[in-house]
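Colleague: structure here, sequence nowhere to be found:
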């Protein structure tokens, strides 16, 4: 059922077997997984069913360098469904190498391997509505699908792996009916956790303090608590409670908030294909109706040989800002950029001011390519606006076989890249976040080495050429700062409490009944967008919670906590 | 040689009725007798003509039978009248035979979650309420078993195989998102007839009268549409947006229903595209999951999984 925290009496005590804080991708995946399991689940969600500026402002914070990182209230949504209400839907699993300790990537290596996550990926794919768990062209298409570049067979790069696209699914609206009709899961909206209080022994969370913006305050007693609030907010909640060390919950060794990773991304270079080389850089629909796209993926042996992190790249349209592309729709999008949401526009148009000369040139493109614009707008209206499964992104088929390259790479864990508490407090009394995202020379090397290897592969295949300036890589990689929306590694998983915050069950080392779900616990970032793995890891955590909460007879008898609100 | 039991099947021309007649005809213990309204060809199987709403005719048909199965379908008024007539006929019969009454999960109305046989009967819409009324009417029949199947699919199943196939091939159906999130409670037709057979042969047990019938872990409707669509080659299976379904149920369904009725009267059933009425869309989104543990253990039904059911349905 779905409840409102403002309907709870002041000072009341709400109880549950498991309390999940946050109803985004991870929190909802856990709640759905525990439906009908016999476990009494309470999900606390700060937001409501709709967007609210007042609630969203609780995410506000500061950044060390605004050029390097977006404001903390961007790319995140504080409402039922969390940031799945605005995500792009790109899904792909982590690769085996992502879990390995690599001597060229500092602090790399997970305490679990891909085999631990593999059983949960297919169900995660289903919840994300990305169809079948088939991430190679051979698995996804009966005929193997069309090649990305005819005749390309790279030594360093493969084009056989796919990214699959969610609708993109807003977990809040998509699964609201299931949550509403549940007899064992209660989702309480407008409930903000403001403190996590330990028992006398300092080993268990005894009580959560919950407040609403209109002023209600009550308590929650739960046997187990899961923070599923994202990679930034997890840090804020942990550090705003003193914990046994006085330095923040789980922060006895000053690890919480460190190793903060996003992804390294940018658009660079020029790819020119020989005339007659068939290039397929768009999407194909799999038999189960899911948009799939091939990309260049750096093979694992190549990563090891280059001593580079994980890396993928896609063929991309020319830079929108430069009218030399002579493509009407790109110019139109550039001129109408105020209509594109911040989270997507930033990397499309860069937010630079439009100069008169440039505007005239763009306008000329629009007028000269009116037919192309009409065709694109019809496609967009039909396949994006009217469609429930949205065409994932702008795909431009250039008149000449020239493309730029859009890359997305792993960032090395770095203890100096960190999220801390700032001095300001929000209206509920919690200190706000301060973000100091940093990158390393290894990150630049990853992108430089990968791009060079790709240029070699393209040349060797005879399909064309890829040219880029090595000296430009760092600037392009940082043109828009850290990749928005991927908040990774701040509450990292490990076996040593001195270098990690949670154990292999996602349980905080210092606290017996506190768990963290989401990309906060990822020790490394992979090349992959995080949502699918967030959901898979959340399902794994739900499986653990079920196992430790329900006995063999199906009872939750260990509980000293009374049932019901 | 042991005499076979004579089993009267009322509504024998319907989908389940025909399947049951064929099953019992193959058995070594039963001699089916097809109860029909009009003359119908059942090969070697004897038929008896009787109006299902006529207690006197039913009473005559019940003579000399060892069991009676009611698979009568039709408008709500017909189902209600049939139940009353059957109850009267059984009451008037000396040593009345075992009755197996085919009810429906529709008796649970808009219930959601895991629903067992003890769930209160509320019925939704004419069909559901007629089934509840029929069950109540027959409550006084001492030796009766009530079966409440979910959605019966199988070879030539008009409702849940053929209609769905036509909609999938026409791309009017596919992945419905939250609108198709309900549990399908599909049950393969042979499992229904197996349950009927078991219900006819089981010892009398007043304490255990009603049984839900559906495959355990039945797929959600979306999963059914996806699997069936792929099997039919209707790929890529589309995602149908909400506005399309609203258009289907509000704008297209009424005229298509009228055309369907007209076509049926003209004897051209099947020529008209199937309508998707609002009730169907409601069902696809209703997350009711039948608890079938009682039928599994009490009737010993071995449920046909979805893949096998689809394969066998397509083989026809």
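Modeller: Everything's here; your move. Remember, predicted model here, so these are calculated numbers, not experimental data. Numbers count the residues shown, from 1 in each chain, chains lettered A, B, ... in the order given.
Colleague: quick one: the strands in chain B?
Modeller: For chain B, the strands defined by DSSP state E cover B:5-10, B:30-36, B:47-49, B:67-70, B:98-102, B:113-115, B:144-149, B:151-153, B:186-188, B:210-213, B:288-290.
Colleague: of these, which is nearest chain A?
Modeller: Chain A sits nearest to strand B:113-115 of all those, at 5.9 Å, using Cβ to the nearest Cβ. Yep, even glycine has a C-beta here, placed from its N, CA and C like the rest.
Colleague: any idea how far that closest one is from the chain center?
Modeller: The chain centre lies 19 Å from the centre of strand B:113-115; the measure is Cα atoms, centre = their mean, to the nearest Å.
Colleague: one more: stretch B:251-265?
Modeller: Centroid separation between stretch B:251-265 and its chain, computed with Cα atoms, centre = their mean, is 23 Å.
Colleague: contacts for it, please.
Modeller: B:269-278 (Cβ atoms under 8 Å, 6 or more residues apart in numbering or on different chains).
Colleague: enumerate the residues of chain A near chain B.
Modeller: Proximity of chain A to chain B, by Cβ under 8 Å from any Cβ of the partner chain, involves residues A:36, A:129, A:167, A:173-178, A:181-183, A:285-290, A:386-389.
Colleague: secondary structure element for residue A:3?
Modeller: Residue A:3 belongs to strand A:2-4 when assigned by DSSP states H and E.
Colleague: what's the first helix or strand after that strand?
Modeller: Downstream of strand A:2-4, the first helix or strand assigned by DSSP H and E is strand A:13-21.
Colleague: for that following strand, which positions count as buried?
Modeller: Buried residues in strand A:13-21, defined by neighbour count with 16 or more other Cβ atoms under 10 Å in any protein chain shown: A:14-21.
Colleague: distance to residue A:453 and pLDDT added to those residues, as JSON lines?
Modeller: Shown next, in JSON lines, are the buried residues of strand A:13-21 (distance: Cβ to Cβ, whole Å; pLDDT from 0 to 100):
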{"residue": "A:14", "distance to residue A:453": "55", "pLDDT": "98"}
{"residue": "A:15", "distance to residue A:453": "56", "pLDDT": "97"}
{"residue": "A:16", "distance to residue A:453": "52", "pLDDT": "97"}
{"residue": "A:17", "distance to residue A:453": "51", "pLDDT": "97"}
{"residue": "A:18", "distance to residue A:453": "47", "pLDDT": "98"}
{"residue": "A:19", "distance to residue A:453": "48", "pLDDT": "98"}
{"residue": "A:20", "distance to residue A:453": "43", "pLDDT": "98"}
{"residue": "A:21", "distance to residue A:453": "43", "pLDDT": "98"}
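Colleague: quick revisit: in JSON lines, list the strands of chain B along with mean pLDDT.
Modeller: Output for the strands of chain B, formatted as JSON lines (pLDDT from 0 to 100):
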{"stretch": "strand B:5-10", "mean pLDDT": "96"}
{"stretch": "strand B:30-36", "mean pLDDT": "95"}
{"stretch": "strand B:47-49", "mean pLDDT": "93"}
{"stretch": "strand B:67-70", "mean pLDDT": "97"}
{"stretch": "strand B:98-102", "mean pLDDT": "96"}
{"stretch": "strand B:113-115", "mean pLDDT": "91"}
{"stretch": "strand B:144-149", "mean pLDDT": "97"}
{"stretch": "strand B:151-153", "mean pLDDT": "98"}
{"stretch": "strand B:186-188", "mean pLDDT": "98"}
{"stretch": "strand B:210-213", "mean pLDDT": "97"}
{"stretch": "strand B:288-290", "mean pLDDT": "95"}
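Colleague: those residues of the stretch 51-200 of chain B touching chain A, which are they?
Modeller: Checking the stretch 51-200 of chain B against chain A by Cβ under 8 Å from any Cβ, the hits are B:112-114, B:174-175, B:177-178, B:181.
Colleague: how about those residues, which pair is most distant?
Modeller: Distance extremes for these: the farthest pair is B:114 and B:174 at 27.4 Å, using Cβ to Cβ.
Colleague: before we move on, what SS does residue A:74 have?
Modeller: Three-state call for residue A:74 (DSSP: H, G, I helix; E, B strand; the rest coil): coil.
Colleague: and it, what pLDDT?
Modeller: The score at residue A:74 is 94. That number is its pLDDT.
Colleague: residue A:354 too?
Modeller: Residue A:354 carries a pLDDT score of 78 in this model.
Colleague: from residue A:368, how far off is it?
Modeller: 19 Å (Cβ to Cβ, to the nearest Å).
Colleague: for the spatially closest residue to residue B:169 that is not a sequence neighbour, list the residues it contacts.
Modeller: Take residue B:169 and drop its neighbours on the chain: the residue closest to it by Cβ to Cβ, 6 or more residues apart in numbering or on different chains is residue B:234, 5.0 Å away. Taking Cβ under 8 Å, 6+ apart as the contact definition, residue B:234 lies against B:168-169, B:171.
Colleague: picking that back up, turn the strands of chain B into CSV, columns for mean neighbour count.
Modeller: Formatted as CSV, those follow (neighbours: other Cβ atoms under 10 Å in any protein chain shown):
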stretch, mean neighbour count
strand B:5-10, 24
strand B:30-36, 24
strand B:47-49, 17
strand B:67-70, 27
strand B:98-102, 25
strand B:113-115, 17
strand B:144-149, 25
strand B:151-153, 24
strand B:186-188, 27
strand B:210-213, 25
strand B:288-290, 24
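Colleague: closest one to residue B:242 among those?
Modeller: So among those, strand B:288-290 is nearest, using Cβ to Cβ, at 21.2 Å.
Colleague: any idea how far residue B:274 is from residue B:257?
Modeller: As defined by Cβ to Cβ, residue B:257 lies at a distance of 9 Å from residue B:274.
Colleague: could I get the pLDDT score of the closest residue to residue B:20 other than its chain neighbours?
Modeller: Nearest non-adjacent residue to residue B:20, counting by Cβ to Cβ, 6+ apart: residue B:193, 4.7 Å away. At residue B:193, the model reports a pLDDT of 98.
Colleague: surely residue B:193 is in contact with residue B:21?
Modeller: No: taking Cβ atoms under 8 Å as the definition, residue B:193 is not a contact partner of residue B:21, at 9.2 Å.
Colleague: who has more neighbours, those two?
Modeller: residue B:21 (27 against 23; other Cβ atoms under 10 Å in any protein chain shown).
Colleague: list the beta-bridge partners for the nearest residue to that one once chain neighbours are set aside.
Modeller: Of all residues not flanking residue B:21 in the chain, residue B:32 sits nearest, at 4.8 Å (Cβ to Cβ, 6+ apart). On DSSP bridges, the residues paired with residue B:32 through beta bridges are residue B:7.
Colleague: repeat for residue B:289
Modeller: Assessed by DSSP bridges, residue B:289 has beta-bridge partners residue B:114.
Colleague: now do the helices in chain B.
Modeller: Along chain B, counting by DSSP state H, helices occupy B:15-26, B:55-62, B:76-91, B:125-137, B:163-169, B:189-201, B:221-232, B:242-247, B:253-265, B:278-285, B:293-298, B:306-314.
Colleague: can you redo those as JSON lines with distance to residue A:86?
Modeller: As requested, these are exported to JSON lines (distance: least, Cβ to Cβ, whole Å):
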{"stretch": "helix B:15-26", "distance to residue A:86": "48"}
{"stretch": "helix B:55-62", "distance to residue A:86": "64"}
{"stretch": "helix B:76-91", "distance to residue A:86": "48"}
{"stretch": "helix B:125-137", "distance to residue A:86": "39"}
{"stretch": "helix B:163-169", "distance to residue A:86": "32"}
{"stretch": "helix B:189-201", "distance to residue A:86": "45"}
{"stretch": "helix B:221-232", "distance to residue A:86": "24"}
{"stretch": "helix B:242-247", "distance to residue A:86": "19"}
{"stretch": "helix B:253-265", "distance to residue A:86": "35"}
{"stretch": "helix B:278-285", "distance to residue A:86": "25"}
{"stretch": "helix B:293-298", "distance to residue A:86": "43"}
{"stretch": "helix B:306-314", "distance to residue A:86": "35"}
